[in-house]
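Enquirer: fold the following.
(8 chains, ligands or ions: 10)
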Amino acid sequence: MSMTILKPNPNFVDVLPQEYKDLIDNGPFGGEKVLADLGTFKELIEEHPLCAGCNLALAFRLMIAALPAPEDTVVVGSTGCSSLAFTQLALHNVHSLFGNQNAIAAGLKRALSIRFPDKTKDVVVMAGDGATADIGLEMTLHSWFRGEKITTVMFDNELYANTGGQESGMSQEGSVLHMAPTGKKFGKIDLPDIAKAAGCAYVAVVSVSRPRIVATSLKKAVLVAREIGPTYIQVHTPCPTNLKLKASEGIGAADKRRKTDYAFVEHTTDAASEYLSAQGIR
Amino acid sequence: MSMTILKPNPNFVDVLPQEYKDLIDNGPFGGEKVLADLGTFKELIEEHPLCAGCNLALAFRLMIAALPAPEDTVVVGSTGCSSLAFTQLALHNVHSLFGNQNAIAAGLKRALSIRFPDKTKDVVVMAGDGATADIGLEMTLHSWFRGEKITTVMFDNELYANTGGQESGMSQEGSVLHMAPTGKKFGKIDLPDIAKAAGCAYVAVVSVSRPRIVATSLKKAVLVAREIGPTYIQVHTPCPTNLKLKASEGIGAADKRRKTDYAFVEHTTDAASEYLSAQGIR
Amino acid sequence: MSTGKPSLREVSAEYMLFEAKRDEVFITGSEAVREAVRRANIDVAIAYPITPQSESMHLVGELFAEGYVKEYFRGENEFAVMSQVAGAAMAGVRTFTATCGPGTLRAFENFPMWSGARLPIVIAFPTRAVNTPLSIQPDTIEMGFLLETGMIMLHAENAQDVYDMLLFSFDVAEQTSVHIPIGVFLDGFFVTHTRQKVRVVSEDVKLAPYNPGLSPVPHIDMETPPFRYMKDPFVLKSNFISYAAHASWQQEVAAAAVRARTHLRKFTKDLEHENPTAPIQIVASGTAVSQSRVALRLLKGSGLDVGLVKLKTIRPFPSKEIKAALKDARSIVIPEFNRAGWLAKEIAATIPNNDRIVPGPRVYGGMTMPPEVIVDVIKNGTLIGV
Amino acid sequence: MSTGKPSLREVSAEYMLFEAKRDEVFITGSEAVREAVRRANIDVAIAYPITPQSESMHLVGELFAEGYVKEYFRGENEFAVMSQVAGAAMAGVRTFTATCGPGTLRAFENFPMWSGARLPIVIAFPTRAVNTPLSIQPDTIEMGFLLETGMIMLHAENAQDVYDMLLFSFDVAEQTSVHIPIGVFLDGFFVTHTRQKVRVVSEDVKLAPYNPGLSPVPHIDMETPPFRYMKDPFVLKSNFISYAAHASWQQEVAAAAVRARTHLRKFTKDLEHENPTAPIQIVASGTAVSQSRVALRLLKGSGLDVGLVKLKTIRPFPSKEIKAALKDARSIVIPEFNRAGWLAKEIAATIPNNDRIVPGPRVYGGMTMPPEVIVDVIKNGTLIGV
Amino acid sequence: METAIRMSGLGGQGVVTAAHILGSAANMEGQNATVNPFFGAEKRLAPAESYVRISDTAIYDVGEVVYPNIIAIFHSDVITQGKSYTMPFFSGLREDGVIIVNSDRDLAFTADETARLKDLNAKVYFVDATEIARTVGKVELAANIAMLGALQGLTGIVSVEALHEACRERFGGKVKMIASGTTGALDDAIRKQFDKVERLMAANSAVLDAAREKAASLKT
Amino acid sequence: METAIRMSGLGGQGVVTAAHILGSAANMEGQNATVNPFFGAEKRLAPAESYVRISDTAIYDVGEVVYPNIIAIFHSDVITQGKSYTMPFFSGLREDGVIIVNSDRDLAFTADETARLKDLNAKVYFVDATEIARTVGKVELAANIAMLGALQGLTGIVSVEALHEACRERFGGKVKMIASGTTGALDDAIRKQFDKVERLMAANSAVLDAAREKAASLKT
Amino acid sequence: MYLVSLIDEDKCVGCRMCIQICPEPNAIVYLKAKKKARVVAIRCKGCGICEVSCPKKAIVMVLQKQPAEVST
Amino acid sequence: MYLVSLIDEDKCVGCRMCIQICPEPNAIVYLKAKKKARVVAIRCKGCGICEVSCPKKAIVMVLQKQPAEVST
Ligand SMILES: Cc1ncc(C[n+]2csc(CCOP(=O)(O)OP(=O)(O)O)c2C)c(N)n1
Ligand SMILES: Cc1ncc(C[n+]2csc(CCOP(=O)(O)OP(=O)(O)O)c2C)c(N)n1
Ligand code: SF4
Ligand code: SF4
Ligand code: SF4
Ligand code: SF4
Ligand code: SF4
Ligand code: SF4
Ligand SMILES: [Mg+2]
Ligand SMILES: [Mg+2]
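Expert: Residues are numbered from 1 along each chain as shown, chains lettered A, B, ... in the order given. Ligands and ions are numbered 1, 2, ... in the order given. Prediction:
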């Protein structure tokens, strides 16, 4: 999208919400922003209804800020806590059904390639662990098998948050949760490993407690998806509300896990590494 | 099931089909049969409508003959060529919807464990590659994640045979098939690898051209599923009809691939190995 | 897996519904589901969360932890869950589950399969709107979609209905002559999340267990001889036999629902009729009945004589009873919580002189239906003869 | 992905349907789908096999290989395919797909989503029975399930209808005032697999492309400014606005279907009426019309005066036209290829004095409906005033 | 006579719990009552609403209370920041109704609002429930209990004893409240702040009484 | 006048192809025709059926032919092994109908069958189509073409020229037959047996004529 | 389709390969006494797999029309 | 719920950690000239994450009711 499309018709400026005007005057469209610029420009997300202290909200915020070309990025979401923030996002985005995000994204990406043969439109999927690894798993994996050029982000809060904290396939073994009243009977689904077997060109496991890593991984993932193939980021965003933590404790909970079983892992295929180096990204 | 249930009431014997009587008098129930016994006892499958020269039919026949306890085995199928043979099988079996076989099997197994706490009922899923790796993939994988004690067999004929030879996720890259008119754009799904990542205790990749291996793998898989966890067998059964081969050429086509990219592979977790050794099986 | 609660006394459904002493509790519709399940001696319950169903299946989970339910787990999606429940029912145990709205549509293909496989599954549907746009709000549109899936459908007005209907559903569904699924529909939030008085029996009893021996179709357990073992099965022998096999099976499933009537009527009426001689009649089901009750109150003294038919059994549809109940009605108002107006269509297709029907009011999107709106339709809609 | 067939001449739907010279070819219904798609200038088509749909989507695949369709692939299941097609439509291109029976039910949740998202997808449904028991045979039960999904529904009697209906569907679906999906239903095997004469235009023309600029909802392409960007969106501001947003959107989708009438009528009648003054009227859609035509032949000289209403548009349902067509009918026979009799119910709910209706005959399980059976119902059913 | 009460606040403040307790209290003392929440997404700090109907005859009406007799506003943001599903905050209020607002000061309404409230003959009370919770109960999260106390003190819709009893029942853990989704989780947070349930119950009890007395003193 | 033809055989014998050719021939010479297969699973050697309707007026009737005027049995197993969806093989045959059976010998029917066939005034012919295909066409898979030739020779329902032309069209590859699922795959097998399409067409042509003449000689 | 398998007992060494490779159940039986395999013609679909698999080339495909000769 | 974050500019060294760890967009701005961070009280949900994350302990949570003091 060119900036001329964004610029409001001067006759209408006075009826536009201030938020929109700020976005045009001081937003991230056009000029690339980096993490350190946060706090100095108008972000693409407006006030969202997610919980105070929500780690998912933080990961969402960081990743949206790290998009390499927001003016040509569309985002596909799914039902879940994140979908409540999507309505406040100043990028074209889709919510249709719970779990079908990678199917929607595949159709979108292919159609956008037809409509804009000379332009890259980045398609980024962002959805919960339930949407990605449970109800949407088949569509997640098959989009990877087919090599769809999209980025898939899982907000791993290790449960179904939006419906009140039920067990998901990504919950930890033994967790006592709704619908797992005697504790979960099996371990976390190893989706990063499966992603590799399924042909993802770039896979990263990151913790929300490391904003810098979240941002750089997202950028790499989007770039690799443009040219090489599907990419996957699994970001750990434990849910303070359903873990019954104080709002301020969520980030610490994430960091603690980062130091034990949720460490940073990155897998880059040779083709992807080569491509990233060519772009000057290490 | 005890043999007394099987034995027909003498008053009704004369109205029973001869096939049934043969089965009771000279079938595999009760006494375990081995592959070498084929041709000397009445098999559990009656004449089926699958194509002359069908490799899937052969694999099905071998595996049914290799069941360690047919009198206490139920089989779950799915839509596909194999479902046409299921109607001719003298074991309780289910066909409900295309792709839901592992979900049905999970429910069955858990319910049978409640009803027969002192007996083992083996639950064996046998379905096509489309049913297992495409439309049913989510249910296949989640039954493994949950550790359901069932055996999953995929008849890999590398296409949707029953609907006339369309591309499946298990088709080879480049194959020109219905719905892949310019050749398949991605390689075979690596389901054995994913099965390992998903927690299968025993995984085997076998070719129908090696009957002995087919039979022993099946037996191991059923035994391991009893005590240790989910097991998976992927048996290569190329479809002569849709490959447009002569009926006699299918088996050779399988054997050729066995010597190249479809070699025998076996993965046994430590727990499974231990258990098998304890049963005297190496 | 547990072995259940052997300590509880096994009783018949009739005893449970009619004879056992009851206490009053102040609970939500979701808790009413729990109280029914607690006493239903269920073997396998499988869950997948969705608002406003989740609470009830959480509570069923707690019953599992306490030993009231023998097996329970969360499936990967609703399609899978409905197949898992089917697998369990095929193996010959008593099963329960619940879903709604998008979950109902996700699992849809399973429901005619259940009926066709003659599975006596009992399922609760805390109804909800369907996408797009997404809404978690109450809406009974899914009932319209399910009308021809072969299942028996009961619509609860309140938590008391939920409790009673669920408990007798097991008994009815499991009759040899029935043996098809029963769906109990409770309006999302309006019933599930509303705390109200419910009369329940004591906690020390449970229904007698499911008896697999009474199933009209063999269970998948290898405890009966394998059937249909012959070289050339008859069904492959003739176009007509093959077609007829499918058609007659469908007829048999439909007939099972009809046979269920007798059993249902042991426990409930198809419909309840208040002020049956009034010239204006409201016909409703679910909480649209409750709103209509308030409308009747508001109309008292207005000079308008209005009756109310509360429909409880949606499938098998009580056509004869409806026709009789509306024989002399001059105007018929059908308030519904969905856009399509499936109930109005059912009734219009059933009664003679269907131009007596004033379709609506219809409220959807999740708002409650102000009784004033029903009054308004009666006052204006009927008088101007819409 | 290809760039399509620039060599073909772009024409309007009106030209394609009415003006262009036609040749007669001897093809099946599946091939008629191909011939329509060849000329429809489709961007994205996505397939998943199911009998009896597979042939048509194979042929669409061949058109892709030949460059007539720009993008085509096989999805992993019908639920995914319907979402993939939705994604493509959201991005602003012309899309096509097909499924049936179990596939329709598997994908079910997508269909109301399509309507709600205002996607002008055209989809063919070569109707088939649903499990259990499995049957690949023709049966129109799925149409009954889809009635309230918001999509426009057209029912083809033969391959010629299929060809024509598909071609004008793109034009109608893509109108700004419509922009909702259209399903074209063709009876499995009876139409898909039957070779017959079809008149098609030459292969050197195609419809003008989809114009994303005319969509009433913005496409997901980041080519228009992001909308709804404010701190406190209105929709969160009030129960009533939030409810009304859902409800009014549903009304708008329903209204779009009604507005489609005008556009549909440019190309087809809602119904065709043979012998409209006869006291006995058959009402049918799809191949039940064909069988009824033979019945009319058989009845010639029997002394019975029988007319035939061929219903083409099932949604929006032509209530007014049906009422008018049946105004003077004394007896109405409604032959259907499904157990539920959804068409009979539609009509019974629509016309006054619905006791004129003789429901049936109904054939399901896959057999053809012998015209003799229709004759029999007319001779016996009507005369004894069933 | 049916009295309809609407409670508006922010997610995490416990409006659902408060409604539950109020309805239970009415039920205990033999009145008819129903309780239900607003059916929205429940997030910490997002708008939250719940409803109680109390009557001497059978209650049929379901869903949100459209025409309340009593409105309890648990957070001033509901009014000042528009953090509410129901705008304006007094929409639908019946004549002679009562509004109770948790605020440390009297909020200024617009002239139009003031006029409309006057037309309705509405009584508006400001009670600093948060402050009472903090000082008396030592925990801000008990502000919802303070609001209940104020409501009792101002309207007497249920007896003090029943309210105490319902409060004990709710937190005593004997009857676990079943709230939808996140509400349940939010609701458990307060328990964590006390090592012993008894201590929580005592704190609640004190807050309830203090607020009740404070409110009664305001009654005009 | 509508003539309805039922062809019964085993999967892989080409009954669908034969029906297609016959219908196309009728269509080419200006008659009305429709062609459709039986809607079953299609497997090599499983029962297979197809139907052709030919008429001088519009054809509406769809689906399987329930009351055929002509029945062509492509394999003796259809009768002797019951490999058929339609039992007995002549069920529904209209009066004065014709039955053509591919068999190297006259099959013996039961007394009852013989009586019923006589009642219907049915004519039954046995033609060794497989043998003609093997000897004249050098490929057994051309037995379906031989059956078409026999059918033409015995009934004259279409002209010889049209039949030849339709045959050429079918195998010439210009018009690809669209058959459902496996039938399409089965059908391609025969092409593989010839290095050149021309050779296949010549073989077919010879088989057709030989069978036609053979059958004509049998005509009673 | 038109063929069935026939085992030449003189060449057959009873290795049972054919039995284990035939896709049809009970289509080839093993004659224990004779230590030979024998085709049950009525169950044979004539695919020819046994023919290509027999290490002794003991199997030929014959025209099905001589049932008497085949099924002895 | 009842709290908002307040940055003590004397202690703040402008490291921006708080800005990058706050889940709310645009809730903490960076004052380029001063090289300090500042909370926009109206956007702060009072979660306290910035408080626990600030390496300089420059942040305190204060009662929300003093808007004048907070949002300067
Ligand atoms: C078909 C369907 N099933 C269930 C739901 C209910 N549902 C909505 S969001 C959700 C859980 C989301 O979990 P996750 O994807 O992990 O996202 P989170 O809320 O945890 O961020 C569920 C079960 C639905 N909307 N649709
Ligand atoms: C929901 C649904 N979609 C599609 C089908 C159609 N269908 C039946 S079998 C089949 C393919 C089976 O392929 P596979 O599982 O590989 O088995 P095969 O026939 O190859 O042995 C398909 C697509 C169906 N029955 N149900
Ligand atoms: S419930 Fe958890 S994941 Fe959802 S918004 Fe609240 S904190 Fe975030
Ligand atoms: S189509 Fe292929 S897989 Fe199916 S029965 Fe025939 S040979 Fe076997
Ligand atoms: S494979 Fe050959 S040698 Fe071996 S048993 Fe069979 S016929 Fe005899
Ligand atoms: S030809 Fe085929 S079917 Fe016959 S016996 Fe040999 S392997 Fe078996
Ligand atoms: S983290 Fe602390 S020191 Fe760093 S910018 Fe924020 S307030 Fe200042
Ligand atoms: S308290 Fe939470 S919301 Fe407020 S500024 Fe700090 S991190 Fe952001
Ligand atoms: Mg989650
Ligand atoms: Mg396959």
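
Enquirer: I figured E:His75 hits E:Asn102, correct?
Expert: Yes - the pair E:His75 / E:Asn102 is scored as a contact, 6.2 Å apart, by C-beta atoms under 8 Å. (C-beta placed from N, C-alpha, C; glycine too.)

Enquirer: what's the overlap in contacts for those two?
Expert: Jointly contacting E:His75 and E:Asn102 under the rule C-beta atoms under 8 Å, 6 or more residues apart in numbering or on different chains are E:Gly9.

Enquirer: so which bits of the stretch 201-350 of chain C are right by chain E?
Expert: Residues of the stretch 201-350 of chain C lying close to chain E (C-beta under 8 Å from any C-beta of the partner chain) are C:287, C:290-291, C:293-294.

Enquirer: quick check: the residue of chain G nearest ligand 3.
Expert: Using C-beta to the nearest ligand atom, the closest approach of chain G to ligand 3 is made by G:Pro23 at 54.4 Å.

Enquirer: how near is that residue to G:Asp8?
Expert: G:Pro23 sits 21 Å away from G:Asp8, going by C-beta to C-beta, to the nearest Å.

Enquirer: so for those two, which sits in the more crowded spot?
Expert: Higher neighbour count among G:Pro23 and G:Asp8: G:Pro23, with 29 against 13, using other C-beta atoms under 10 Å in any protein chain shown.

Enquirer: quick one, what contacts the more buried one?
Expert: B:50, B:52-55, B:57-58, B:61, G:45, G:47, G:49.

Enquirer: secondary structure class of it, three-state.
Expert: Following DSSP: H, G, I helix; E, B strand; the rest coil, the label given to G:Pro23 is coil.

Enquirer: which elements pack onto the helix or strand where E:Gly23 lies?
Expert: Using DSSP states H and E, E:Gly23 falls within helix E:15-28. Helices and strands touching helix E:15-28, by 3 or more C-beta pairs under 8 Å, 6 or more residues apart in numbering or on different chains; DSSP states H and E, are strand C:22-27, strand E:2-10, strand E:32-37, strand E:47-55, helix E:143-155, helix E:160-172, helix E:181-192.

Enquirer: that one to strand C:22-27, inter-axis angle?
Expert: Using axes from the mean of the first three to the mean of the last three C-alpha atoms, to 10 degrees, the direction of helix E:15-28 lies 150 degrees away from that of strand C:22-27.

Enquirer: got the buried residues for helix E:15-28?
Expert: E:15-28 (16 or more other C-beta atoms under 10 Å in any protein chain shown).

Enquirer: and for stretch C:18-35?
Expert: For stretch C:18-35, a neighbour-count test (16+ other C-beta under 10 Å) marks C:20, C:25-35 as buried.

Enquirer: that stretch: end-to-end distance?
Expert: One end of stretch C:18-35 to the other measures 16 Å (C-alpha to C-alpha, to the nearest Å).

Enquirer: quick one: secondary structure of C:Thr97?
Expert: Per three-state DSSP, C:Thr97 ends up strand.

Enquirer: okay, now it: neighbour count?
Expert: The tally of other residues near C:Thr97 (other C-beta under 10 Å) stands at 26.

Enquirer: same thing with C:Ser7?
Expert: The local packing of C:Ser7 (other C-beta under 10 Å) involves 8 other residues.

Enquirer: so what's it closest to, chain neighbours aside?
Expert: Leaving out its chain neighbours, the residue that sits closest to C:Ser7 by C-beta to C-beta, 6 or more residues apart in numbering or on different chains is C:Asp204, at 7.6 Å.

Enquirer: what of E:Val160?
Expert: Spatial nearest neighbour of E:Val160, chain neighbours left out: E:Gln152 (6.1 Å); criterion: C-beta to C-beta, 6+ apart.

Enquirer: and what of A:Glu148?
Expert: Using C-beta to C-beta, 6+ apart and skipping the chain neighbours, the partner closest in space to A:Glu148 is A:Ala106 (4.5 Å).

Enquirer: any buried residues in whichever strand or helix holds the one you found, and which?
Expert: Using DSSP H and E, the element containing A:Ala106 is helix A:101-115. The neighbour-count check on helix A:101-115 (16+ other C-beta under 10 Å) flags A:101-115 as buried.

Enquirer: picking up where we left off before, next, format the buried residues of stretch C:18-35 as CSV and append distance to C:Glu14 and pLDDT.
Expert: Converted to CSV, the buried residues of stretch C:18-35 look like this (distance: C-beta to C-beta, whole Å; pLDDT from 0 to 100):
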residue, distance to C:Glu14, pLDDT
C:Ala20, 10, 97
C:Val25, 22, 97
C:Phe26, 27, 97
C:Ile27, 24, 97
C:Thr28, 27, 97
C:Gly29, 24, 98
C:Ser30, 26, 98
C:Glu31, 24, 98
C:Ala32, 20, 98
C:Val33, 21, 98
C:Arg34, 22, 98
C:Glu35, 18, 98
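
Enquirer: in the chain, which spans are strands?
Expert: Going with chain A. Assigned by DSSP state E, chain A shows strands spanning A:73-76, A:93-94, A:122-128, A:151-156, A:202-207, A:231-236, A:265-268.

Enquirer: try chain G instead
Expert: With strands called from DSSP E, chain G shows them at G:3-7, G:28-31, G:36-39, G:59-63.

Enquirer: out of the ones you listed, deepest packed?
Expert: strand G:3-7 (a mean of 23; mean count of other C-beta atoms under 10 Å in any protein chain shown).

Enquirer: any idea which residue is closest to the centre of chain G?
Expert: Taking C-alpha atoms, centre = their mean as the criterion, G:Val39 is the residue nearest the geometric centre of chain G, at 3.7 Å.

Enquirer: any idea how far the nearest residue to it once chain neighbours are set aside is from ligand 2?
Expert: Among residues not flanking G:Val39 along the chain, G:Ser5 sits closest, at 4.7 Å (C-beta to C-beta, 6+ apart). Using C-beta to the nearest ligand atom, to the nearest Å, we find G:Ser5 at a distance of 25 Å from ligand 2.

Enquirer: kindly report the same for C:Leu207.
Expert: Counting by C-beta to the nearest ligand atom, the separation of C:Leu207 from ligand 2 is 35 Å.

Enquirer: ok, the helix or strand harbouring C:Pro112 near chain B or not?
Expert: For C:Pro112, the element it lies in under DSSP H and E is helix C:110-116. Yes - applying C-beta under 8 Å from any C-beta, one finds helix C:110-116 in contact with chain B at C:110, C:113.

Enquirer: that helix close to ligand 2?
Expert: No - residues of helix C:110-116 are not located near ligand 2 by C-beta under 6 Å from any ligand atom, the shortest gap being 10.7 Å.

Enquirer: so for that helix, what's the average pLDDT?
Expert: Regarding helix C:110-116, the rounded mean pLDDT is 97.

Enquirer: for that helix, packing partners?
Expert: Using 3+ C-beta pairs under 8 Å, 6+ apart, helix C:110-116 sits against helix C:78-90, helix C:239-267.

Enquirer: okay, those helices, which one's buried deepest?
Expert: Neighbour counts averaged per stretch over the helices and strands packed on helix C:110-116 are highest for helix C:78-90, at a mean of 30; criterion: mean count of other C-beta under 10 Å.

Enquirer: so which bits of the lengthiest helix in chain E are buried?
Expert: Secondary structure of chain E per DSSP state H: the longest helix is helix E:197-218. Across helix E:197-218, burial judged by 16+ other C-beta under 10 Å covers E:200-201, E:203-212, E:214-215.

Enquirer: thought the residue nearest to G:Val39 was touching G:Gln64?
Expert: No - contact criterion C-beta under 8 Å: G:Ser5 and G:Gln64 do not qualify, at 10.1 Å.

Enquirer: what sits in contact with each of these two?
Expert: Shared contacts of G:Ser5 and G:Gln64, defined by C-beta under 8 Å, 6+ apart, are found at G:41, G:46.

Enquirer: got the contact list for residue 148?
Expert: You didn't pick a chain, so chain A it is. By C-beta under 8 Å, 6+ apart, A:Glu148 lies in contact with A:102, A:105-106, A:109-110, A:230.

Enquirer: I was after chain E.
Expert: Here E:Leu148 is in contact with E:18, E:21-22, E:163, E:167, E:208, E:211 (criterion: C-beta under 8 Å, 6+ apart).
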